[in-house]
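Asks: My questions concern the predicted model and sequence given below.
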Amino acid sequence: MRTFIRLLFSAAIISVVVVTYQGKNGFESLVRLNHTEVGLKHQEAALLKEIRRLEQDIHRATHDQEYLQNQARKELLVSSPDEIVYIFPEDRTAGR
């Protein structure tokens, strides 16, 4: 009888340890959550950096006429009335 009680007690302790480690709110979940938190903090930092860059672009686009002209030239292929634009065909042998 004493052996049965020890075996039952040991099984209960093992069950508690397994549930503590692998349960819904166990150690394993805590480690996964910490890993996710670190990833989200890196993502947040990258997004904040992107927001600052976009805010600078907005500020420059609304306050800097030269910046706006350069962007129009680059993105929209716009030229000023006094410019002459030369378009050269691509050299197909350059990549060989």
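Replies: That came in fine, so what should we check first? Residues are numbered from 1 along each chain as shown.

Asks: which helices and strands sit right next to the lowest-mean-pLDDT helix or strand in the chain?
Replies: Using mean pLDDT, DSSP states H and E, helix 2-22 stands out as the lowest-scoring helix or strand of the chain, at a mean of 77. When contacts are defined as 3 or more Cβ pairs under 8 Å, 6 or more residues apart in numbering; DSSP states H and E, helix 2-22 sits against helix 27-63. C-beta: built from backbone N, CA, C; applies to glycine.

Asks: low pLDDT regions in the chain?
Replies: 19-24, 91-96 (pLDDT under 70).

Asks: mind running it again at 80?
Replies: 4, 8-9, 14-28, 77, 80, 85, 87, 90-96 (pLDDT under 80).

Asks: In it, which residue is most central in space?
Replies: residue 43 (3.7 Å; Cα atoms, centre = their mean).

Asks: now it: how far from residue 36?
Replies: Residue 43 sits 10 Å away from residue 36, going by Cβ to Cβ, to the nearest Å.

Asks: do residue 80 as well
Replies: Distance of residue 80 to residue 36, computed by Cβ to Cβ: 52 Å.

Asks: Could I get the phi/psi values of residue 77?
Replies: Per-residue torsions, residue 77: phi 60, psi 40 (degrees, to the nearest 10).

Asks: Same check on residue 88?
Replies: phi -100, psi 140.

Asks: Run a quick neighbour tally on it.
Replies: Neighbourhood size, residue 88 [other Cβ atoms under 10 Å]: 5.
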